[in-house]
Structures are given as structure tokens and as C-alpha cells.
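> I would like the atomic coordinates for the input below:
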Amino acid sequence: MSPERVVVTGGAGFLGSHVCEALLDEGAQVVCVDSFRTGSRENVPPGATVVAADVARPLDLLGPVDLVLHLACPASPADYLRMPVDTLRTGGFGTYHVLELARRKDARVVVASTSEVYGDPEEHPQRESYWGHVNPIGPRSVYDEAKRFGEAMTVAFRAEHGVDAGIVRIFNTYGPRMRAHDGRMIPTFVRQALAGEALTVHGDGLQTRSLCYVDDLVRGLLAMARSDHPGPINLGNPAEVTVLDVAHKTIEVTGSSSVVRHVESMQDDPRRRRPDIGLAREVLGWQPTVALEDGLRSFAREFAG
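The predicted model follows:
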């Protein structure tokens, strides 16, 4: 049974809009809260109630709330490097205000954290018990530390106020509605391949990523929402692939004549990234099912219009 009324922060973003859509399909009343600094009104599915608001300010929503999914935060490097203070405000003040809303409404809340809390990991694959290896003052730190602080705030609200709060750590996710120039790997590669441009690979391209299609990720998020588990729980695809392989697969599935061009490595770019999803399998009965090639084809078709 779907919750009666669900608040989705960041509901106009890539992931949030898919979550809104899935909840509406289940018959829930959906309230999409978004500042529209990085999200788009075009992403919001028909039937969702839209509230234009900045979660870094107090949220005062009328009526009952059964569930809150906190997805608001600049997530792409292009955004959080352009808006470093805003990213920290959203991860800090924003998470506080969302948890306060859940406390007042006596609602279950799921806070979206990230695999970036693991930094450039020295443990592989990454389990939820791993504390991470993070540069707290590097260029990526505004996102990493915002999410780490958000996790600490969530745990504190659960301990002090008894809020039914859970944390998911989301690994690289891709799919329709990603912006062409948002700076993340998959939309960048697909945009370049479809335009016949060289695919830009940072460094030697042997750094690894684990890529989860958005439909799989949404299933995991909603499974966490229906549980009472506090987390953190990793959500991601445990199939590990090098960035160079992703570039070549993108060229293959798009039928592009593009080539790969190596450019300078990014500072603090993780060398290996792969989730251990044993806890998600055990507690949520969840695992991804969409293969990378199938997900890339689907995304490329949608991207090409």
C-alpha cells in the first residue's frame, strides 16, 4: 500500500522526477518541493503538486504527510562546483529542515546520501561500515561533506527525537532527464557520441565506476521508504566497469564514429568505485536488473529525441 501523501524534495530534478512518477503510478498524492535552481518544471509529472521552495529555509507545508524523500541537492560536478555554498546549505540546513518537517508530521523520512561519502576508497568494494577516505577541503568536498553532515544530522534526529529516518547511499545513476551539460559521465559521453565529437576521458580511463539505471534505483528507494530500516544502505549496481570501457560502449550503442580523447585527470577523482549491496539484498530484497548496454541504449534513444 502506497503512503497517502508523499513529499519529494528535489522532485523536479533527474532522480526526483522519476520518484514522483513512480509514486503517482502507485496512487500516492505527491508534493514536489524544488527551488528550480537545477531542476526543471518540465520534469515534474502531471498530477504532482508543485511547491517552489528552498529547503535551506524552513518548510511549512499544510496537511498530513506520511513520507518524505529528501533528494534535494546539486548533484553534478558542474552544479556543485558552481554553487559550493548553496550545496553546503542544502546538505546542512536543508536536511535539518526536512527532518524537522518529518518530526512535526510524524512521517517516515528517507535521506539520499551518496557514494561520495566514501571518497577515494581504500576498501573495495565499499560496505556501509566503511568510514571513507575523503579530502575535506578539496574541490569536491562541498558535496562530500554536505552529504556526510546530512547523514550525521539524520542519525541525531533519529536518536534525539525518535524520527523514523533512514539513509541511502546512492552510487552513480543515469537515465532519461539528465541534462546534456550537467557534467556527469553518461550524459557527457552520449552527447559527444551523438554529435560525432571525441569522448573526453579524464586521465588514463582505468578508474572504475558502477552504473545503475534510474528505474532500478527508484525501486530501491521506494523499498527503503516502505521499510523501517535506519540505514545507511548502499544502492547501486555492483557491476564494475572502467571509464574507458563506458566510453567505448557508448560509441558502440550509439553507432557513432567518435574517438576517445584523454584529458587531464580530475582532482580527488576516485580510482575505484563499487558498492557492496549485500545489505540491500537482505533487508530490502533489492538488486538492479538493467544491464549497462540496455540502459545506455534506452538513454541514448531518449536523449536523441
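> Show the average pLDDT along the helix or strand hosting Asn234.
Assigned by DSSP states H and E, Asn234 falls within strand 233-235. The pLDDT scores in strand 233-235 average 98.
> Give me the helices and strands touching it, please.
strand 165-170, helix 214-226 (3 or more C-beta pairs under 8 Å, 6 or more residues apart in numbering; DSSP states H and E). Every residue, glycine included, has its C-beta placed from N, CA and C.
> Neighbours of Ser113, how many?
25 (other C-beta atoms under 10 Å).
> what's the distance between it and Gln192?
30 Å (C-beta to C-beta, to the nearest Å).
> Please spell out the segments of the stretch 101-250 of the chain that come in under the pLDDT threshold.
Judged against pLDDT under 70, the stretch 101-250 of the chain has no low-scoring part.
> circling back to that earlier point, name the residues that touch the strand holding Asn234?
Residues outside strand 233-235 that contact it (C-beta atoms under 8 Å, 6 or more residues apart in numbering) are 115, 126-128, 166-171, 212, 217, 220-221, 224, 275-277, 279-280, 283-284, 286.
> so what strands line up beside that strand?
The pairing partners recorded for strand 233-235 under DSSP bridges are strand 165-170 (parallel).
> Report the inter-axis angle for the partner strand versus helix 214-226.
In terms of direction (axes from the mean of the first three to the mean of the last three C-alpha atoms, to 10 degrees), strand 165-170 departs from helix 214-226 by 160 degrees.
> hmm, who's touching strand 165-170?
15, 99, 102, 108-115, 117-118, 128, 151, 154-155, 157-158, 217, 220-221, 224-225, 227-236, 275.
> make it 7 Å
99, 102, 109-115, 117, 151, 154, 157-158, 217, 221, 224, 229-236 (C-beta atoms under 7 Å, 6 or more residues apart in numbering).
> One more: stretch 184-198?
For stretch 184-198, the external contacting residues (C-beta under 7 Å, 6+ apart) are 76, 174, 178-180, 199-200, 209, 211, 243, 246-247, 250-251, 254, 256-261, 299-300, 303-304.
> in it, what counts as buried?
Going by neighbour count (16 or more other C-beta atoms under 10 Å), the buried part of stretch 184-198 is Arg184, Met185, Ile186, Pro187, Thr188, Phe189, Val190, Arg191, Gln192, Ala193, Leu194.
> where does the second one fall, phi/psi-wise?
Met185 has phi and psi values of phi -60, psi -50 when expressed as degrees, to the nearest 10.
> Confirm that Trp86 sits in a helix.
Careful, residue 86 is Asp; it's not Trp. Yes. Judged by DSSP: H, G, I helix; E, B strand; the rest coil, Asp86 forms part of a helix.
> give me the element Val201 is part of.
Using DSSP H and E, Val201 falls in strand 199-202.
> List of residues touching the helix or strand just after that strand?
As assigned by DSSP H and E, the chain's next helix or strand after strand 199-202 is strand 208-210. Strand 208-210 has contacts (C-beta under 7 Å, 6+ apart) with 171-172, 185, 236-243, 246, 272-275.
> One more: stretch 71-79?
8-10, 13, 15-16, 19, 34, 38, 55, 80, 83, 86-87, 90-91, 94, 112, 146, 181-184.
> Could you turn the buried ones of the residues you listed into a PyMOL selection?
To isolate the buried subset of the contacts of stretch 71-79 in PyMOL, counting by 16+ other C-beta under 10 Å, use the following:
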select buried, resi 8+9+10+13+15+16+19+34+38+55+80+83+86+87+90+91+94+112+146+182+184
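> Many thanks, we can stop here.
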